[in-house]
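Undergrad: Pasting the sequence and the predicted coordinates here, then a few questions.
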Amino acid sequence: MCDSCAEGGRRCPGSISPEARATHNTRRRQNRTTRAAVVSWARQRDMPQLALDVLAVAPPAVAKRWAEDAGAPEPTELGEQKRLKPTETGLRDASWATPGIVDQVAAIARAQGAHPDEALLLHADVVHDDYEPLGVNTTRRLELADGSDAYFKPIDGIDQETAEDYGHDEPWQSIHEAAAWQTARALGPEWERLVPPCVLTVHDGSLGSLAAGRPGSVSGPMHVPDSDVHAAAFFDTVIGQQDRHGSNYLTANGGSDLYLIDHGFAFARPDDPVNLSIFQARRAATSPELTTYELDRLVILLRAPDLHGLRPMLAPDRAAALEDRARLMLVTGRILPEGHF
Amino acid sequence: MITVEFRERDPNGAGRRTVATLTVADDRTYTVAGSLPLEEIPILDRTAPDGRLTLAADPVRWARSSHKAFRAGYVVPVITEDTLPADAS
């Protein structure tokens, strides 16, 4: 089957004849059967439902490659499976999926839900989708039944050109939003307080990140205590934040409370570009020495081989870069300069 | 002329309020009204000098690319008017 418009849309140029069409349809059925068998095999290995559903609607070639990487038997040995029903989470499409992202989704899905704020987001009752039709943002503000709001960033709404500017060749932004929150959790309550809780979930048929709304404004006064500015700088350094500009945080309560928003472009690798990282730059210039408590948090993070569960949530080179940054901070005892990934 | 309204959720209501407005005139000069520090917000852009696009350096391109800087959903840039040619940058 050809999806390319240049090749005539859904049908291959050579599939006009009845024989070619029959061959084509047979191959499609075989591919779907194989994909269903891969999902069944993954289910037996306790893959979380969210990742199963990504596999279920991913291109069959992705499911096959994922199965090979995961050590599954040959497709012919997986047995006959019925065609998949609509997914349990409501996910309609995962044409963006890669085998690596399937595993990253699985890792995040396993980690999320234990924290009470994550559970609230996962079971959120959306009463209004405040989509700005004239806007160009694809992040959607959702109003929830309890009166709060949350921000949904769908993977299939990613601006590819912007992503490429930041060195993203796969749709990682929503993954990174959720991984950043998990990093804050791994570091401790001082950072949990600054970062809105965030989960990966399905809304309106799309997979994306759903971050809890926080009070405040990007245009309000800024009277944040130095301790929070320093904590923000530490967090941004650890996650390799590529774009903490002056409107990528909120202030509330007369400007004394700080909330960090937008972690899509983070977990950068060496030589990835940086736009701004204002808290990191400020602390690196004025107060770069890490506190004993921060050094302890780095030790705890690095002591776990899987970086407290963060490693499988990230692409391997991005996880390695995070580990290297943490080690360098531990060795030097200082915040790294802006853009040092 | 290009007009971009930056709309933030209204803490006192369900809708959004305009917290800043960028206007780029036909002669490529610009004005910013409101409380967002737009001139301090560069946009990563591989085609710009130093890889960063600033409002002062190219107001037309910055206005049309402003969505790239506001991705979290709290502020939505809305281009309400754009009468300049497509290649006006």
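TA: Thanks, I have it.
Undergrad: okay, CA-based contacts and neighbour counts for the rest of this
TA: Noted.
Undergrad: Got phi/psi on the closest residue to chain A within chain B?
TA: With Cα to the nearest Cα as the measure, B:Val78 is the residue of chain B nearest to chain A, at 4.6 Å. Per-residue torsions, B:Val78: phi -120, psi 120 (degrees, to the nearest 10).
Undergrad: What about it, how many residues nearby?
TA: 23 (other Cα atoms under 10 Å in any protein chain shown).
Undergrad: In this model B:Arg16 seems to touch it, though I could be wrong.
TA: No. If you go by Cα atoms under 8 Å, B:Val78 and B:Arg16 don't touch, sitting 11.5 Å apart.
Undergrad: I'd like the mean pLDDT over stretch B:79-89, please.
TA: Averaged over stretch B:79-89, pLDDT sits at 90.
Undergrad: correction: stretch A:211-229
TA: For stretch A:211-229, the per-residue pLDDT averages 93.
Undergrad: What residues sit buried inside that stretch?
TA: With burial defined by 16 or more other Cα atoms under 10 Å in any protein chain shown, the residues of stretch A:211-229 counted as buried are A:211-214, A:216-219, A:221-222, A:224, A:228-229.
Undergrad: same deal with stretch B:37-44?
TA: B:38, B:41-44.
Undergrad: Please identify which two of these are farthest apart in space.
TA: B:Leu38 and B:Leu44 (14.1 Å; Cα to Cα).
Undergrad: coming back round to it: list residues touching both of B:Val78 and B:Arg16?
TA: Here B:Val78 and B:Arg16 share the contacting residues B:Arg7, scored by Cα atoms under 8 Å, 6 or more residues apart in numbering or on different chains.
Undergrad: Output the below-cut-off pLDDT ranges for the chain.
TA: Here I'm looking at chain A. Scanning chain A for pLDDT under 70 picks out the ranges A:1-15, A:78-85, A:132-137.
Undergrad: Count the residues that sit near A:Ala145.
TA: 12.
Undergrad: which residues sit in contact with it?
TA: A:124-127.
Undergrad: cool, and A:Gly220?
TA: Shown in contact with A:Gly220 (Cα under 8 Å, 6+ apart): A:250-252, A:254-255, B:35.
Undergrad: please redo it, this time with the cut-off set to 7 Å
TA: By Cα atoms under 7 Å, 6 or more residues apart in numbering or on different chains, the contact set of A:Gly220 is A:251, A:255.
Undergrad: coming back round to it: isn't the residue of chain B closest to chain A right next to B:Phe6, touching?
TA: Yes. Using Cα atoms under 7 Å, B:Val78 and B:Phe6 qualify as a contacting pair, with a distance of 6.3 Å.
Undergrad: okay but A:Leu330 is in contact with A:Tyr293, surely?
TA: No. A:Leu330 lies out of contact with A:Tyr293 (Cα under 7 Å); the separation is 11.5 Å.
Undergrad: Looking at the two, which one has more neighbours?
TA: Comparing A:Leu330 with A:Tyr293 by neighbour count (other Cα under 10 Å), the higher total belongs to A:Leu330, at 19 against 9.
Undergrad: how long is stretch B:60-70 end to end?
TA: From its first residue to its last, stretch B:60-70 covers 17 Å (Cα to Cα, to the nearest Å).
Undergrad: A:Asp53 against A:Arg92, yeah?
TA: No. Look at A:Asp53 against A:Arg92 with Cα under 7 Å: they stay out of range, at 8.8 Å.
Undergrad: So those two - more neighbours on which side?
TA: Using other Cα under 10 Å as the criterion, A:Asp53 and A:Arg92 rank with A:Asp53 on top: 24 against 18.
Undergrad: do you know how far the nearest residue to that one once chain neighbours are set aside is from chain B?
TA: Here the nearest residue to A:Asp53 in space, its sequence neighbours aside, is A:Thr87; by Cα to Cα, 6 or more residues apart in numbering or on different chains that works out to 5.7 Å. Distance of A:Thr87 to chain B, computed by Cα to the nearest Cα, to the nearest Å: 28 Å.
Undergrad: Return stretch A:118-126 as PDB; C-alpha atoms alone will do.
TA: What follows is stretch A:118-126, C-alpha atoms only, in PDB (Å, rounded to 0.1, in the frame of the first residue of the first chain):
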ATOM      1  CA  GLU A 118      -1.300  12.100  38.300                       C
ATOM      2  CA  ALA A 119      -4.400  10.000  39.200                       C
ATOM      3  CA  LEU A 120      -6.600  13.100  39.000                       C
ATOM      4  CA  LEU A 121      -5.200  13.900  35.500                       C
ATOM      5  CA  LEU A 122      -5.600  10.300  34.300                       C
ATOM      6  CA  HIS A 123      -9.200  10.300  35.300                       C
ATOM      7  CA  ALA A 124     -10.000  13.900  34.500                       C
ATOM      8  CA  ASP A 125     -13.500  14.700  33.500                       C
ATOM      9  CA  VAL A 126     -13.200  17.300  30.700                       C
END
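Undergrad: Is it positioned near chain B?
TA: No. Stretch A:118-126 is not in contact with chain B by Cα under 7 Å from any Cα of the partner chain; minimum separation 14.2 Å.
Undergrad: mind checking which helix or strand the residue nearest to A:Asp53 is in?
TA: For A:Thr87, there is no host helix or strand (DSSP states H and E).
Undergrad: Kindly report the same for B:Thr18.
TA: Element membership for B:Thr18 (DSSP H and E) is strand B:16-24.
Undergrad: do A:Ala63 as well
TA: helix A:60-69.
Undergrad: Can you tell me which residues in chain B are near chain A?
TA: Applying Cα under 7 Å from any Cα, we find that chain B lies next to chain A at B:35-36, B:41-46, B:52, B:67-68, B:71-73, B:76-78.
Undergrad: Give me the buried entries from those.
TA: B:36, B:41-46, B:52, B:67-68, B:71-73, B:76-78.
Undergrad: can you pull out the helices in chain A?
TA: A:18-44, A:49-57, A:60-69, A:99-111, A:116-122, A:160-165, A:173-187, A:189-192, A:226-239, A:278-286, A:292-303, A:316-332 (DSSP state H).
Undergrad: and the longest one, how far out from the chain's middle?
TA: Read that as helix A:18-44. Here helix A:18-44 is found 29 Å from its chain centre; the criterion is Cα atoms, centre = their mean, to the nearest Å.
Undergrad: What of the third one?
TA: In terms of Cα atoms, centre = their mean, the gap separating the centre of helix A:60-69 from the centre of its chain is 21 Å.
Undergrad: Direction-wise, compare it with helix A:99-111 and give the angle.
TA: Orientation check (axes from the mean of the first three to the mean of the last three Cα atoms, to 10 degrees): helix A:60-69 against helix A:99-111 gives 70 degrees.
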